[in-house]
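>>> here is the input, now give the coordinates:
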Amino acid sequence: MTRDSVSQTSPDRKTTFSKRLLWFIGLWLLGVAGAVLLALPFRLLIAAAMHYQH
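Take a look at the predicted model:
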């Protein structure tokens, strides 16, 4: 490998890593939001049941 080919692949690798990191963080946040939205109706149902019980 020559010095030029190494310098050309280094920024490319950094860009790939940052894109993968952004995708990971974005999908993780989407998963957390989905879990919260999935659990919310059950929480509301439990709160309503406790309210009407008394």
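>>> contacts, neighbours, all on C-alpha from now
OK.
>>> low-confidence stretches in the protein?
1-10, 54 (pLDDT under 70).
>>> now with 90, please.
Low-confidence segments of the chain, defined by pLDDT under 90: 1-15, 43-44, 47-54.
>>> helices or strands up against the helix or strand harbouring L27?
Per DSSP states H and E, L27 falls inside helix 3-53. For helix 3-53, there is no helix or strand it packs on, judged by 3 or more C-alpha pairs under 8 Å, 6 or more residues apart in numbering; DSSP states H and E.
>>> just how off-centre is that helix within its chain?
On the basis of C-alpha atoms, centre = their mean, to the nearest Å, helix 3-53 sits 1 Å off its chain's mean C-alpha point.
>>> contacts only, for M50.
By C-alpha atoms under 8 Å, 6 or more residues apart in numbering, the contact list for M50 is empty.
>>> mind redoing it with 10 Å?
Residues in contact with M50 (C-alpha atoms under 10 Å, 6 or more residues apart in numbering) are L44.
>>> please begin residue numbering at 311 from this point
Understood, numbering begins at 311; the last thing we discussed is M360.
>>> that one and R353: what is the separation?
11 Å (C-alpha to C-alpha, to the nearest Å).
>>> check L340 too.
Per C-alpha to C-alpha, L340 is found 20 Å from R353.
>>> A343 too?
Separation of A343 from R353 (C-alpha to C-alpha): 15 Å.
>>> go on, R330?
Taken as C-alpha to C-alpha, the span from R330 to R353 is 34 Å.
>>> go on, K324?
43 Å.
>>> repeat for T325
From T325 to R353 the distance is 41 Å (C-alpha to C-alpha).
>>> same deal with L339?
20 Å.
>>> now do G344
Distance from G344 to R353, by C-alpha to C-alpha: 14 Å.
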